[in-house]
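>>> sequence and predicted structure below; questions after.
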Amino acid sequence: MNLKQIEYALAVVDTGSFTRAAERCHVVQSALSHQIARLEETLGVSLFERSSRRVRLTPAGEAFVQSARPALEATRRIAEDVAAACGEVRGQLSIGEITSLTELDLVDLLADFHAQHPLVDIRWLMAKSELLIAAAGVRHRVQFEVTNIRLVEKFAKRGLAIGLVPARIANSFNGVMSVAIEDAPVRHVYAIWSMHPTPAARAFAQLIEQRLAVRDGH
């Protein structure tokens, strides 16, 4: 068993296809299939149920995945940890953000991070957050869901909707009326990361702490 065989098998799991797995791993399908067959021979089990329509894991394959993913990740971490010990941060940084996050300018933060650590591959996913209107006890009906804060301003300006936004965002809008909500529910925004962060994640968390300290005057 070797790491390449493990990587190929997990690629099949992730893509659901030997053909797509081969494309993802940049190898011909016959080579990938041969390596997975050798892996199954070494383990003495079949990892996949193969049919003309789909590829599914066997019970043995499911057990394999549970151990193989952390093993492959730990192996990839070796080079990153060694490089970090020598003062070079590299690897991948994956960030998930809610659209209403306004405490920090994440674009500027990522630009600074990239300037400091150009070898890190950054991936950023933004998703919707729930409005606090219902929590405030206001009867409402959601008709428009947007991911851009400026669209809230545009909808409100045309009389199509109302929005609940932080005070400093409301103050930046033009041509709309804003009303402060008293006794509004307080929302706390947290940055969370793995208990065993990669060097890139540790470096980014440190940059967040530094930026917040400057903002708060510490």
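Good, I have the coordinates.
>>> buried sites along the longest helix along the chain?
In terms of residue count, the longest helix belonging to the chain (DSSP state H) is helix 59-85. For helix 59-85, the buried set under the neighbour-count rule, 16 or more other CB atoms under 10 Å, comprises Gly61, Phe64, Ala68, Glu80, Ala84. In this view, the C-beta of every residue, glycine as well, is placed from N, C-alpha and C.
>>> residues in contact with the third one?
What it means is Ala68. Ile6, Ala9, Leu10 (CB atoms under 8 Å, 6 or more residues apart in numbering).
>>> now do the fourth one
Listed by CB under 8 Å, 6+ apart, the contact set of Glu80 reads Arg90, Gly91, Thr198, Pro199, Ala200.
>>> taking the residues you listed one by one, which sit in strands?
The members of the contacts of Glu80 that map onto strands under DSSP state E are Gly91.
>>> adding neighbour count, distance to Val176 and pLDDT, write the contacts of Glu80 out as TSV.
What follows is these, written out as TSV (neighbours: other CB atoms under 10 Å; distance: CB to CB, whole Å; pLDDT from 0 to 100):
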residue	neighbour count	distance to Val176	pLDDT
Arg90	17	45	90
Gly91	20	44	88
Thr198	23	43	88
Pro199	21	45	91
Ala200	22	40	92
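>>> and which of the contacts of Glu80 is nearest Thr19?
For these, the residue nearest Thr19 by CB to CB is Gly91; the value is 28.7 Å.
>>> apart from its neighbours in sequence, what residue is nearest that closest one?
In space, not counting the residues next to it along the chain, Gly91 is nearest to Glu80; the distance is 4.1 Å by CB to CB, 6 or more residues apart in numbering.
>>> from Pro199, how far off is that neighbour?
Distance, Glu80 to Pro199, using CB to CB, to the nearest Å: 5 Å.
>>> now for these two: what residues contact both?
Arg90, Gly91.
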